[in-house]
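> Predicted model follows, preceded by the sequence.
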Amino acid sequence: MTTAQSVVRFLMRGCVLSSLFLVMAIPIMAQTNKGTIKGSVTDQNGAVVQKAQVTVTNVETNAGRTVNAGDDGLYEVPLLDPGKYKVSVKAPSFPETIRENITVQTASTEVVDVTLTAGGVGGTVTVTSAPNQLETETSDRGSVVSGREVTELPLSGRNFTQLATLTPGVSRVTIGTLSDARANNNGDPNAGGQGPGGGDGKADVDP
């Protein structure tokens, strides 16, 4: 084998390995604990307000991010840490409008539409939002478990995965219980808790 052929084969193998690493990395990159706040900015007549300045602030850390609404009045602020937020909107000829009590959960998308009302420029209009009860923007589901819950909730063997059952729609599947064994043995009352054919769970010992 010539040196040129060896180099070509080495480069081809490197390309294949790089492609594999890239494919494996895509699902990992897609998983995130961040959330998003997005919405529209309109006036009291329903007309879009272009180029409004939208500031999203984490009320717990006071960290804020500012974006401008587009020509269609829409804005979006992604990659937000879970927590409590407020959204303030400023636009010429309108008083500043603030939406409070916005909760961003893990992998959630919160829609916060802001309506600017005519009034004294330089004033502030504050609107306290009710927490969203239904997630309509994405099928992803997430939940935040507080540190107090982690330390104080009774967990069998301190198995942290049991905390997932605190999320709505998540249930725990128990395998090998007495009821499961009987169901798998056509209702045999002598079936034990070790699954089909489990007996009474005791080891058989030959005399």
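Cool, the structure landed.
> what's the nearest residue to residue 49 if we skip its chain neighbours?
Counting by Cβ to Cβ, 6 or more residues apart in numbering, residue 41 is the residue found nearest to residue 49 once chain neighbours are left out, at 4.6 Å. Heads up, the C-betas are built off the backbone N, CA and C, glycines and all.
> what's the burial count for that neighbour?
Around residue 41 there are 28 other residues, counting by other Cβ atoms under 10 Å.
> How about residues contacting the host helix or strand of it?
Using DSSP states H and E, residue 41 maps to strand 35-43. By Cβ atoms under 8 Å, 6 or more residues apart in numbering, the residues outside strand 35-43 that reach it are 48-49, 52, 54, 56, 69, 72-82, 85, 87, 89, 91, 94, 102, 104-118, 137.
> Going by neighbour count, which of the residues you listed are buried?
For the contacts of strand 35-43, a neighbour count by 16 or more other Cβ atoms under 10 Å gives the buried set as 49, 52, 54, 56, 69, 73, 75, 77, 80, 82, 85, 87, 89, 91, 94, 102, 104-110, 112, 114-116.
> Quick check: mean pLDDT of stretch 49-65?
Stretch 49-65 carries an average pLDDT of 96.
> swap in stretch 121-141?
66.
> show me where the protein has helices.
For the chain, the helices defined by DSSP state H occupy 3-30, 147-152, 178-184.
> Sketch out the low-pLDDT regions of the protein for me.
Scanning the chain for pLDDT under 70 picks out the ranges 1-31, 129-147, 149-150, 156-158, 160, 163, 166-169, 172-207.
> List the beta-bridge partners for the residue nearest to residue 49.
residue 114 (DSSP bridges).
> distance of it from residue 56?
13 Å (Cβ to Cβ, to the nearest Å).
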